[in-house]
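Chemist: fold the following, please.
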Amino acid sequence: MRSPLLFILHNGLCYVAACKKDNLASAYKTIQLAKKAANMKYKEYDCGHFNIYLSPFFEEVIEDYINFCNSIFE
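Modeler: Residues are numbered from 1 along each chain as shown. Got it, this is the predicted structure:
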């Protein structure tokens with residue numbers, strides 16, 4: 001299954017970022033699975049496949065990742 005996501009995994013905790021406007025791989029299944037999974041935090045970003053790596057989305061994504069990492073290492 002192809003999924004448009006970035007994830008961080010640490011001690012069974014997972015963070016998933018899904019791009020809702022991805023035109024290369026649908027985010028629908030990724031979002032469905034993330035909602036059902038235990039110990040999973042996910043966020044949907046209103047952008048395309050590669051936009052997550054560019055401004056203005058990149059700054060938000062990195063801040064979310066840092067906040068997630070800080071929360072699991074506290």
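Chemist: longest helix of the chain?
Modeler: helix 57-73 (DSSP state H).
Chemist: and that one, what other elements does it pack with?
Modeler: strand 5-10, strand 13-19, strand 40-45 (3 or more Cβ pairs under 8 Å, 6 or more residues apart in numbering; DSSP states H and E). Placement of C-beta: from N, CA and C, glycine included.
Chemist: quick check: end-to-end length of stretch 14-26?
Modeler: By Cα to Cα, to the nearest Å, the extent of stretch 14-26 from end to end equals 20 Å.
Chemist: now that stretch: buried residues?
Modeler: By 16 or more other Cβ atoms under 10 Å, the buried positions in stretch 14-26 come out as C14, Y15, V16, A17, A18, C19, D22, S26.
Chemist: grab the nearest non-local neighbour of K21.
Modeler: In this structure, K21 finds its nearest non-sequential neighbour in G48, 4.7 Å apart by Cβ to Cβ, 6 or more residues apart in numbering.
Chemist: quick one: pLDDT of the residue nearest in space to the middle of the chain?
Modeler: In the chain, the centroid-proximal residue (Cα atoms, centre = their mean) is A17; its distance is 0.8 Å. With respect to pLDDT, A17 has a value of 85.
Chemist: about what we covered before: can you put the buried residues of stretch 14-26 in a markdown table and add distance to E44?
Modeler: As requested, the buried residues of stretch 14-26 are exported to a markdown table (distance: Cβ to Cβ, whole Å):
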| residue | distance to E44 |
| --- | --- |
| C14 | 15 |
| Y15 | 13 |
| V16 | 9 |
| A17 | 8 |
| A18 | 5 |
| C19 | 8 |
| D22 | 11 |
| S26 | 13 |
